[in-house]
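Engineer: this one's structure only:
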């Protein structure tokens with residue numbers, strides 16, 4: 001009877017907490033797997049934000065919009081917050097950094113390419129993500145404009161297909177995005193993705209933060225984020241998407 005009473009009490013406590021949980025409308029960019037997978041309402045960044053908020057009594061209601069529009073959504077008070085941004089002039093409060101994007105120049109190990117700076121890409125066929133030349137700094141933009149073999153693609157699975165088939169010398173991509181598509185069935189169907197690659201560190205990591213309209217939410221989020229990291233759950237979420245941190249060449 002005591003066990004029964006305890007279980008019943010826990011059920012009612014959970015129900016009470018769920019009833020009290022406040023729903024937050026959060027502007028989320030469109031799919032960027034494995035960070036955000038809109039079709040499945042999950043992803044590394046999505047899961048981290050959702051779990052941190054839930055631990056602090058908030059439920060996340062995603063509002064999917066193009067990434068650039070997330071800024072407009074919070075400026076016009078159409079949402080309670082945005083999932084992440086690198087901008088630093090938005091209204092509201094900023095959380096501690098909860099996600100890090102890190103771009104690398106990636107080549108096949110068998111190619112034995114010496115890549116120690118952006119300048120070393122000038123004579124190579126380089127395939128990058130869309131708008132990379134306006135995002136990765138002045139040196140990269142100069143290289144992209146001078147290199148006739150430089151191209152950008154919206155579908156990043158193409159990067160993996162061409163690199164592993166020897167049709168591109170170098171791809172420039174975020175570490176986890178590259179690893180995600182490396183494990184994609186459509187890529188593995190047309191390319192040998194078991195080939196070893198080298199990650200050349202030409203760019204610094206980009207730490208992104210969430211933004212909320214209410215300062216109390218930011219404070220609570222930071223507490224929950226710290227707990228998530230210290231418990232090991234943060235790394236568990238990343239590992240669940242079958243991606244690993246690369247061994248760096250430089």
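Structural biologist: Alright, I've got the coordinates. If you're wondering where the values come from, they're calculated on a predicted model, not measured in any experiment.
Engineer: Report pLDDT for the residue nearest to the spatial centre of the chain.
Structural biologist: The chain has residue 35 as the residue nearest its centroid, 3.8 Å off, counting by C-alpha atoms, centre = their mean. Residue 35 is assigned a predicted lDDT (pLDDT) of 97.
Engineer: Pull up the gap between it and residue 121, please.
Structural biologist: Taking C-beta to C-beta, to the nearest Å as the measure, residue 35 falls 25 Å from residue 121. C-betas here are computed from N, CA, C, even on glycine.
Engineer: Same check on residue 103?
Structural biologist: Residue 103 is 13 Å from residue 121, by C-beta to C-beta.
Engineer: ditto for residue 169
Structural biologist: Distance from residue 169 to residue 121, counting by C-beta to C-beta: 8 Å.
Engineer: who has more neighbours, these two?
Structural biologist: More neighbours surround residue 121 than the other of residue 169 and residue 121, with 26 against 20 (other C-beta atoms under 10 Å).
Engineer: can you give me phi and psi for the nearest residue to that one once chain neighbours are set aside?
Structural biologist: Excluding the flanking residues, the one nearest residue 121 by C-beta to C-beta, 6 or more residues apart in numbering is residue 143, at 5.5 Å. The phi/psi pair for residue 143 (degrees, to the nearest 10) reads phi -60, psi -50.
Engineer: those helices in the chain, which residues are they?
Structural biologist: 2-20, 44-55, 67-75, 138-146, 157-164, 175-182, 185-188, 215-231, 233-239 (DSSP state H).
Engineer: Mean pLDDT, distance to residue 90 and mean neighbour count added to those helices, as a markdown table?
Structural biologist: What follows is the helices of the chain, written out as a markdown table (pLDDT from 0 to 100; distance: least, C-beta to C-beta, whole Å; neighbours: other C-beta atoms under 10 Å):
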| stretch | mean pLDDT | distance to residue 90 | mean neighbour count |
| --- | --- | --- | --- |
| helix 2-20 | 47 | 28 | 9 |
| helix 44-55 | 98 | 16 | 22 |
| helix 67-75 | 89 | 6 | 17 |
| helix 138-146 | 98 | 25 | 15 |
| helix 157-164 | 98 | 31 | 22 |
| helix 175-182 | 97 | 25 | 23 |
| helix 185-188 | 97 | 36 | 13 |
| helix 215-231 | 98 | 12 | 16 |
| helix 233-239 | 96 | 24 | 15 |
